[in-house]
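Quick one: sequence plus predicted model below, questions after.
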Amino acid sequence: MQRVLPDGVAERIATAGRVVVFTGAGISAESGVPTFRDALTGLWSRFDAYELATPEAFEADPALVWGWYEWRRAAVRKAEPNAGHVAAAALQALVPGTVVVTQNVDDLHERAGSKDPVHLHGSLFAPRCVAGHPFDAPSGDDDVPDDLGPVPPPRCTACGALVRPGVVWFGEALPRAAFTAAVEAASSCDVLLSIGTSGVVYPAAELPVVATRSGATVIQVNPDETPLDDICDVNLRGTAARLLPALYA
Ligand code: BV8
């Protein structure tokens, strides 16, 4: 596999002791999981993800929002990790000081073998009731139809309250421990790889800035331009599944 990095940067990565792999929805795109902005096809195409992923939307129409997340969760269950996820896990094995920090709510990093990925925005697989009690999501949802629509959310078996997706919605605080761990990793790493994120959602999008201010080399992998282009040392135009494995070739 041909090398994709300028020489100086290739050495920087090869000698890095601490690496952060910071990922967004783009790393799961080649697994067939729609990116966040594209997570609205078919019946969902008339909605805006930024409006559905809010407490207000869930309060206004719990079945609509719960149905969207069930549809997304089923899509993730049918997907497999791609070469990008596998490369992130391989990097952790090669460089033990590597931390995967993801904005994604899928479990593809885990299924590719990444150890303890930091989930800044929660998970599709950790529903809880609005009072905070964990809820065991039914595992047999592989037969969810592709055109799933609104579905009334279940009720908590402990308190009877509505069950909600275990994700961080817009206007909700990120899990303190996760964000603290992510900032700590970004501020003490030698290299931060920003993979498949549009870099528009905060405070997650601050992490590459934290890294570069701390003297790390920041490398972006994305087919498109993003607001992060200007703060990255290297912008690799291409997909995660193709370029991430090549970083260590
Ligand atoms: C909060 C879970 C405060 C739900 C998500 C400044 C500071 C702090 C907050 C703000 C701020 N400015 C604005 C805000 C408010 C807001 C925000 O950021 N708004 C944006 C729209 C401007 N932030 C919040 O509300 C956050 N909370 O600040 O709380 C607070 C504090 C105390 C007490 C109370 C409140 C919460 C933000 C989290 C929202 N939840 N996800 C769900 O998934 O449904 S965010 C969601 O959108 C994703 O998780 C992801 O983070 C984001 C989308 O970004 P990407 O992952 O990048 O995906 P996207 O589709 O956009 O882009 C994909 C990219 O991949 C593209 O660039 C594409 O080119 C590329 N790509 C495509 N294919 C490939 C590829 N790349 C590589 N390979 C490929 N094959």
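Perfect, thanks for sending it.

which residue ranges form the strands in the protein?
In the chain, the strands defined using DSSP state E lie at 19-23, 98-102, 118-119, 128-129, 163-164, 191-195, 217-221, 234-236.

which residues sit against the third one?
With contacts defined as Cβ atoms under 8 Å, 6 or more residues apart in numbering, strand 118-119 is touched by Val99, Val100, Val101, Thr102, Asn104, Val105, Pro175, Ala178, Ala181, Ala182, Ala185. Backbone N, C-alpha and C define where each C-beta goes, glycine included.

how about the residues of the chain near the ligand?
Within the chain, the positions near the ligand by Cβ under 6 Å from any ligand atom are 24-26, 29-30, 35-37, 50, 53, 103, 105, 121, 167-173, 196-198, 200-204, 221-224, 226, 239-240.

follow-up on the earlier one: can you pick out the most distant pair from the contacts of strand 118-119?
The span of those, defined through Cβ to Cβ, is set by Val105 and Ala185 at 19.4 Å.

the more surrounded of these two?
Taking other Cβ atoms under 10 Å, Val105 and Ala185 do not tie; Val105 has more neighbours (27 against 24).

Could I get the contacting residues of that one?
Arg72, His119, His121, Gly122, Ser123, Leu124, Pro165, Val167.

so what's the last one closest to, chain neighbours aside?
Same thing as Val167. Of all residues not flanking Val167 in the chain, Gly122 sits nearest, at 4.0 Å (Cβ to Cβ, 6 or more residues apart in numbering).

what's the spacing between that neighbour and Val200?
Per Cβ to Cβ, to the nearest Å, Gly122 is found 18 Å from Val200.

can you tell me which residues contact the nearest residue to Thr35 once chain neighbours are set aside?
Residue nearest to Thr35 in three dimensions, not counting chain neighbours: Ala25, with 3.8 Å by Cβ to Cβ, 6+ apart. With contact taken as Cβ under 8 Å, 6+ apart, Ala25 is in contact with Val33, Pro34, Thr35, Phe36, Arg37, Ala39, Gln103, Asn104, Gly196, Thr197.
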